[in-house]
Each structure stands twice: as structure tokens, then as C-alpha cells.
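Student: This is a predicted model, with the sequence first.
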Amino acid sequence: MAGKFVWKPSRDVIEHANITRFMRKQGFRSVDNFVKRSCEDIEWFWDVVVGDLGLEFTTPYHRVMDSSRGVPWTEWYVGGRLNIASNCLDRHARGPFADRVCLISESEDGRVAKYTFRSLARAVDACAAALRAAGISRGDRVGCYMPMVAEVAAQMFACFKIGAIFIPIFSGFAPPAVAERLRDAEAKLLFTADGTIRRGTLVPIKQNADGAARDVPSLKRVVVLRRGTEPLPWHEGRDVLWDDFLA
């Protein structure tokens, strides 16, 4: 089978592919010629790609790339500024795709959450406002010691929106590993949950978060997503439930 194709797109698939539309928009009918031009004129290619994707720059770039210091240190879209949350969510939330489902989360216990661009953008805005109210600003570090749930997306994009640095931490890590990451980053806030579902059982992680927090002097706030009904260890003045945080 070496050298043989295992799949070849049908004419219909090719005709309706985004790359076909994009190639023709740039005036090409031949794939080989299109690829050749993209390799020979890299700045042209990545300029028209950004335009075709509709990415919104709050400050326009004045040059696509600058390799004057060498290829490994190439700077892209020099002078330009954009926000990931704005481009991934906000422009769609106010456009024709506002009510299209953009995120589906299903946990091991069967709970399903669906978000449209509009509803996810609202959740992100609420979280961003809560982060600001908690004293988090551009450049501050925010930890995320969470199970794989939809709220993580809202937390991540909220950090991106206000310019905070988002630090994802695997929910299976023990307290010392969590503390090390938070301490090195000098994180001010931590998102966590009471527990995570593994093989049908709620595995507590809040206790681990508390154990880690004791060794992170910079940490001022712990935001807790409630998923179960078990008694929850609590630190008044530091801990706040996710719903209360958003409110």
C-alpha cells in the first residue's frame, strides 16, 4: 500500500470545499499553481488567509511577517493587535451564527450542556466582569484546576478577553504539583470544582485545591463549581461558588 491513496474526495466534496472556494477567490483554477504561489509569496498568502477568515484586528498590522532576525524568530502581523475571545465568540454572537450551537459538553454521568455563540459569549462576559470585580487585570495569572466541563471554556475565554493569563492544570495532579504551577506563576485566582466524575464516581478535587492553596501566598480567591451534593470544605473570605462569582 506504500505510495497509494487510501481515500480520494469525490467531485462534489472538492467542489464544496473551503480551500476550493478560497483558491478560486484568489483567481486560481489549478491546485499546483495555487500551492506554488503560496510557497513563493508567503506574505501574500497569509495576508489573504487572514482576510478570508474575517479576523478582526483592533489595531491593523503594517506587515505580515518580519524575518530580519532569522526564520526561527519571525514576527507575524507586525504592529497588529487582536483579541481571541472577540474573534472566536463576539463577532459570531452578534452575527448570523448567533444561535448556532458552538459547544457541546457531555460528562461521564450523562449530563449534557449545549451553548450557542450567543449564550457562550454571555457566559464569558459574565465571567470576565467577575474577574475584573475580583481584581484580576491584564497580565495577572489565573489557574484552572477543573474537570473537563463547559465552564472551562467560559473561564478560558474570559481570561483572554481581559488579557489575563490562563493556566490549565490537569485535575488528576496532586496538591504539590498544583501548588508548584500556581506558585511559579504567582496566580491570584483559581478555578476549581468540588469533584470530577471518573468511572461513575465523584472524585473530590477541592481538598487537593485547598492543599495546594496553602502553599501559594499570591492566591486570593478560589472559585468552586458545584457538581455534587457531598459536604464541601470551605474557607470563608477566600472561596466562592461559581454561580455566586458570576452574580
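Tutor: Nice, I can see it.
Student: tell me the mean pLDDT over stretch 112-122?
Tutor: For stretch 112-122, mean pLDDT rounds to 96.
Student: let me fix that: stretch 16-34
Tutor: Summarised as a single mean, pLDDT over stretch 16-34 is 95.
Student: cool, and stretch 165-185?
Tutor: The pLDDT scores in stretch 165-185 average 96.
Student: and it, which residues are buried?
Tutor: The neighbour-count check on stretch 165-185 (16 or more other C-beta atoms under 10 Å) flags Phe166, Ile167, Ile169, Ser171, Phe173, Pro175, Val178, Ala179, Arg181, Leu182, Ala185 as buried. Using the backbone N, CA and C atoms, a C-beta is placed for each residue, glycine as well.
Student: all helices of this structure, in order?
Tutor: Secondary structure of the chain by DSSP state H: the helices cover 11-15, 18-25, 31-40, 42-53, 84-85, 91-93, 117-133, 151-162, 175-185, 206-213, 242-246.
Student: List the buried residues for the least confident helix or strand in the chain by mean pLDDT?
Tutor: The helix or strand with the lowest mean pLDDT-type score in the chain, counting by mean pLDDT, DSSP states H and E, is strand 201-204 (a mean of 78). Of the residues in strand 201-204, Leu202 count as buried by neighbour count, 16+ other C-beta under 10 Å.
Student: what's that strand in contact with?
Tutor: Surrounding strand 201-204, the residues in contact under the criterion C-beta atoms under 8 Å, 6 or more residues apart in numbering are Asp194, Gly195, Thr196, Ile197, Arg227, Gly228, Glu230.
Student: among these, which ones are buried?
Tutor: By neighbour count, with 16+ other C-beta under 10 Å, those hold Asp194, Gly195, Thr196, Ile197, Arg227 as buried.
Student: ok, what's across the strand from the fourth one?
Tutor: So that's Ile197. Beta-bridge pairing of Ile197, defined through DSSP bridges, involves Leu202.
Student: ok, it to Arg29 distance?
Tutor: In this structure, Ile197 and Arg29 are 53 Å apart, going by C-beta to C-beta, to the nearest Å.
Student: Out of the buried ones among the contacts of strand 201-204, which one has the lowest pLDDT?
Tutor: Model confidence across those bottoms out at Ile197, which has 78.
Student: That residue against Pro147, yeah?
Tutor: Yes - using C-beta atoms under 8 Å, Ile197 and Pro147 qualify as a contacting pair, with a distance of 7.1 Å.
Student: That's all I had, so thanks and see you.
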